[in-house]
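In: just coords:
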């Protein structure tokens, strides 16, 4: 009888210790940090960018091809958190939207931003159908809009100029959402597939472009990253999201442009996942 009581006592002790450990893990995962984390996922030839704010809000920009983004999110997000506060689809090409179909299926998504343009592909239509079936709020981008990702972090829409395109650009890449992520005095410019015409427009509009981090447009295609645009951004870090491809990305012309000012170039096909810490006054790339 005493042996049973002894076993019950230690069983209760173990349960209490495990419960205490879980509580502390949850506190560590949910506490406010002094920095946000910006991930450029290595998902092949495509874009998938994830940002977790200092207060623990999660934002995903594009999902890449296939479903590799799910495992990446599983590693980047706390295991107790399966909610994305915002998903942004920069434009409807498969190398940006395909992974988002699986994300919408598996995770809780509060809000989605995407450009208001038709695109008749099966993958994109499946994505729109999912948004409708799950009653997820859809918002449209327009220059001048500011999204508060938390009390200290903003995402400013620089393009498109208005929410509804009066006519669809000949190149669907040019509907890409361009936005500037800001935490304190630290900025990252994210450009999707926006081409040189859009870059010229942003320069002409004299919009705030200077940023510590630049997501190089269109996987380093020669159709993006004008020298004048690059010098207006003047990034400390230039990130190329790229995988094995038949297009020649990144093109030598773009790599040459990136060497016109001192900038550190990082490529997902060479460096894997690239993760920055954004502090209010600086960017850190942990080694």
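Out: Perfect, I can see it now. Since the model is a prediction, treat every value here as computed from it, not as a measurement.
In: contacting residues around the spatially most central residue of the chain?
Out: Taking Cα atoms, centre = their mean, the centroid of the chain lies closest to residue 49, which sits 2.6 Å from it. Neighbour list for residue 49: 38-41, 60-62, 190, 215, 241 [criterion: Cβ atoms under 8 Å, 6 or more residues apart in numbering]. C-betas here are computed from N, CA, C, even on glycine.
In: Could you rerun that using 6 Å?
Out: Taking Cβ atoms under 6 Å, 6 or more residues apart in numbering, we find residue 49 in contact with 40, 61.
In: now residue 275
Out: If you count contacts by Cβ under 6 Å, 6+ apart, residue 275 has them with residue 39.
In: Could you point out the helix or strand that follows the host helix or strand of it?
Out: If you go by DSSP states H and E, residue 275 is part of strand 274-279. Per DSSP H and E, the first helix or strand lying C-terminal to strand 274-279 is strand 282-284.
In: Poorly predicted segments of the stretch 1-150 of the chain, please.
Out: 1-31 (pLDDT under 70).
In: 90 instead?
Out: 1-33 (pLDDT under 90).
In: which residues of it fall in helices?
Out: 2-30, 68-76, 94-106, 122-133 (DSSP state H, counting those that start in this stretch).
In: between the third one and helix 68-76, how many degrees?
Out: What that stands for is helix 94-106. 60 degrees (axes from the mean of the first three to the mean of the last three Cα atoms, to 10 degrees).
In: got the buried residues for helix 94-106?
Out: 94-104 (16 or more other Cβ atoms under 10 Å).
In: Columns distance to residue 166 on top of the residues you listed, output as JSON lines?
Out: Output for these, formatted as JSON lines (distance: Cβ to Cβ, whole Å):
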{"residue": "94", "distance to residue 166": "26"}
{"residue": "95", "distance to residue 166": "27"}
{"residue": "96", "distance to residue 166": "23"}
{"residue": "97", "distance to residue 166": "23"}
{"residue": "98", "distance to residue 166": "29"}
{"residue": "99", "distance to residue 166": "30"}
{"residue": "100", "distance to residue 166": "27"}
{"residue": "101", "distance to residue 166": "29"}
{"residue": "102", "distance to residue 166": "34"}
{"residue": "103", "distance to residue 166": "31"}
{"residue": "104", "distance to residue 166": "29"}
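In: out of those, who's nearest residue 220?
Out: The closest of those to residue 220 turns out to be residue 95 (Cβ to Cβ; 13.5 Å).
In: That closest one touches residue 68, doesn't it?
Out: No. Using Cβ atoms under 6 Å, residue 95 is not in contact with residue 68; the gap is 11.7 Å.
In: Mind picking the two most distant members of the buried residues of helix 94-106?
Out: Farthest apart among those by Cβ to Cβ are 95 and 104. That separation is 16.9 Å.
In: what's next to stretch 175-183, contact-wise?
Out: 36, 90-91, 115, 117, 141, 153-159, 187-194, 278, 280.
In: Now, the residues you listed that are in strands?
Out: Using DSSP state E, the subset of the contacts of stretch 175-183 located in strands is 36, 153-159, 187-190, 278.
In: which of those residues are the two that sit furthest away from each other?
Out: Using Cβ to Cβ, the ones in strands among the contacts of stretch 175-183 reach their maximum pairwise distance at 36 and 159, which is 22.9 Å.
In: more neighbours, these two?
Out: The neighbour comparison of residue 36 against residue 159 (other Cβ atoms under 10 Å) goes to residue 36, with 27 against 23.
In: so who does that one touch?
Out: Contacts for residue 36 (Cβ under 6 Å, 6+ apart) come out as 53-54, 183, 278.
In: show me where the stretch 151-287 of the chain has strands.
Out: Assigned by DSSP state E, counting those that start in this stretch, the strands in the stretch 151-287 of the chain fall at 153-159, 178-183, 186-190, 213-215, 237-240, 264-267, 274-279, 282-284.
In: To residue 203, which of the ones you listed lies closest?
Out: strand 153-159 (11.0 Å).
In: Tell me which other helices or strands the closest one touches.
Out: If you count contacts as 3 or more Cβ pairs under 6 Å, 6 or more residues apart in numbering; DSSP states H and E, strand 153-159 packs onto strand 146-148, strand 178-183.
In: Turn these into a markdown table, including mean neighbour count and distance to residue 262.
Out: What follows is those, written out as a markdown table (neighbours: other Cβ atoms under 10 Å; distance: least, Cβ to Cβ, whole Å):
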| stretch | mean neighbour count | distance to residue 262 |
| --- | --- | --- |
| strand 146-148 | 14 | 31 |
| strand 178-183 | 24 | 21 |
